[in-house]
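[1] Take a look and give me a structure for this.
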Amino acid sequence: MYIFKRVVSFGGTSVPQYPYLPVSNFSICNCLRSSKRRSPDSSVDSERYSFLVKSVLSSRVSSQTPETLQVEDEHMYGPVVKAETPSSRPEMRVPKTLHAFLHSGDILETEEQESGPPTRIVLNSDRDRSAVPSVTRILKQTLSPKQIFFLERWKRRMIAELGEDGFEEYSQKLFRQGKLFHSALEDILTSGVTWKNKDPSETHEEYPPEVEGYVESISHILDDVSAVRAIESTVKHDTLNYLGVADCVARYRGVLCVIDWKTSEKPKPFLSNTYDNPLQVAAYAGALNNDGNYKYQVENGLIVVAYKDGSPGHAHQLNSELMLENWKSWLIRLEKFREQR
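    As a prediction, the model looks like this:
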């Protein structure tokens, strides 16, 4: 079929026109087609955010910790990346003075075991804490802004869920459970009977119901703990002017360690999950090594995490190299604490 072309002049310019375009013989040009409007929501990864939708619609709100909140944020938004100019980036800090972790005048612990009961030096709260800061206090007052942010947000969420009074009751309950757990461990470690030789029928009768799960959780770890040297004993570093109470000094699988017992409602299978706990253990060991009340030196550490539901606990060992690394980090936190005062 022919197309009849007509030329129309506008101001000296000829413009062709096509008044007759039989539809039956011509397909519509792609440029004249109106594309279907796509919904802006069609590009959203629904699977990625499905858990968020469920949490919003669900009436149950579970307690969360700073680490789970951070994982949740990074899952939704990706890791936090702060743009900084090269001049504003903080340099890796090192201690201004690298104090010795081990006391140079003492010989390292040998395989021979000390006789007698474990050392227990009780902390005089009124006299000691007034002049000498504790390891716990120093670490708490030198938290990074990121740590403070997540801890505060966790606290606000818990208060929103439980209320002010409920959160206070929850905190007191955790503190009480911690004391009962440590008391139960003290009875086990000073009884003179190893856990593997203990009558199973006695384990559920001797301890309060609140801590039965915790004790069961680390029963397989207690099998490897022997030769207890100190328990719930104060250690003090006179040169660096700080003190703390070491949970336990004993052999774990034959290696003498400063042991720290921890309870948790969330799994902590990796050492990185324990946050500042390695610094705490290194601080206790460094103080013990420089405390005249202890006639031996300790190079290694152990963090034991127990779970309330009785699931197998985790034992995180810190060898001598890791202890030295955390000792340096502890010295930096100690310097920061003094700078703030």
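[2] count of neighbours near Asn241?
    For Asn241, the tally of surrounding residues (other Cβ atoms under 10 Å) stands at 12. Just so you know, the C-beta spots here come from the backbone N, C-alpha and C atoms, and that holds for glycine as well.
[3] next one: phi and psi at it?
    phi 60, psi 60 (degrees, to the nearest 10).
[4] Return the residues in contact with the closest residue to Glu265 other than its chain neighbours.
    Beyond its immediate neighbours in the sequence, the residue positioned closest to Glu265 (Cβ to Cβ, 6 or more residues apart in numbering) is Lys308, lying 6.4 Å away. The contact partners of Lys308, by Cβ atoms under 8 Å, 6 or more residues apart in numbering, come to Gln177, Gly213, Tyr214, Ser217, Thr263, Glu265.
[5] Next: Lys336.
    Lys336 neighbours (Cβ under 8 Å, 6+ apart): Thr142.
[6] Next: Leu243.
    Counting by Cβ under 8 Å, 6+ apart, the residues that Leu243 touches are Leu123, Asp128, Arg129, Val132, Pro133, Ser134, Val135, Thr234, Val235, Lys236, His237, Ala287.
[7] List only buried entries from the contacts of Lys308.
    By neighbour count, with 16 or more other Cβ atoms under 10 Å, the contacts of Lys308 hold Gln177, Gly213, Tyr214, Ser217, Thr263 as buried.
[8] Just these: which are in strands?
    In this view, those that belong to strands under DSSP state E are Thr263.
[9] okay, the buried ones among the contacts of Lys308 in CSV with distance to Val249 and pLDDT next?
    Below are the buried ones among the contacts of Lys308 laid out as CSV (distance: Cβ to Cβ, whole Å; pLDDT from 0 to 100):
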residue, distance to Val249, pLDDT
Gln177, 23, 88
Gly213, 26, 93
Tyr214, 21, 94
Ser217, 22, 96
Thr263, 20, 93
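[10] Who does Cys257 form a beta bridge with?
    Assessed by DSSP bridges, Cys257 has beta-bridge partners Ala250, Asn300.
[11] shouldn't it be in contact with Val249?
    Yes - in this structure, Cys257 is within contact of Val249 by Cβ atoms under 8 Å, at 7.3 Å.
[12] shared neighbours, these two?
    Common contact partners of Cys257 and Val249 (Cβ under 8 Å, 6+ apart): Val298.
[13] list the helices and strands the strand or helix carrying Lys155 packs on?
    Per DSSP states H and E, Lys155 falls inside helix 145-190. Identification of packing neighbours for helix 145-190 by 3 or more Cβ pairs under 8 Å, 6 or more residues apart in numbering; DSSP states H and E yields helix 66-77, helix 209-217, strand 225-237, strand 242-252, strand 255-264.
[14] In TSV: these, plus distance to Ser144.
    What follows is the helices and strands packed on helix 145-190, written out as TSV (distance: least, Cβ to Cβ, whole Å):
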stretch	distance to Ser144
helix 66-77	11
helix 209-217	29
strand 225-237	23
strand 242-252	20
strand 255-264	20
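[15] looking at those, which is closest to Glu339?
    Ranking these by proximity to Glu339 (Cβ to Cβ) places strand 242-252 first, at 14.8 Å.
[16] Give me the mean pLDDT for that closest one.
    In this model, strand 242-252 has a mean pLDDT of 97.
[17] again with stretch 272-290
    Stretch 272-290 comes out at a mean pLDDT of 96.
[18] For the stretch 1-150 of the chain, which residues score under the pLDDT cut-off?
    1-92, 105-115, 125-130 (pLDDT under 70).
[19] re the thing from before, out of the buried ones among the contacts of Lys308, which is nearest to Phe101?
    Using Cβ to Cβ, those come closest to Phe101 at Thr263, 27.9 Å.
[20] need the contact list for the closest one.
    Applying Cβ under 8 Å, 6+ apart, the residues near Thr263 are Leu174, Gln177, Gly178, Phe181, Tyr214, Val305, Ala306, Tyr307, Lys308.
[21] What strand or helix carries the residue lying closest to it once chain neighbours are set aside?
    Leaving aside its sequence neighbours, Thr263 sits nearest to Ala306 (Cβ to Cβ, 6+ apart; 5.2 Å). Per DSSP H and E, Ala306 falls inside strand 300-307.
[22] wouldn't Glu232 be in contact with Asp247 here?
    Yes - at 6.6 Å, Glu232 counts as touching Asp247 under the criterion of Cβ under 8 Å.
[23] Which one's more surrounded, these two?
    Using other Cβ under 10 Å as the criterion, Glu232 and Asp247 rank with Asp247 on top: 25 against 19.
[24] From Leu102, how far out is the more buried one?
    For Asp247, the distance to Leu102 equals 21 Å [Cβ to Cβ, to the nearest Å].
[25] quick one, what contacts Leu318?
    Per Cβ under 8 Å, 6+ apart, neighbours of Leu318: Cys257, Leu271, Pro278, Val281, Ala282, Asn300, Gly301, Leu302, Ile303, Asn326.
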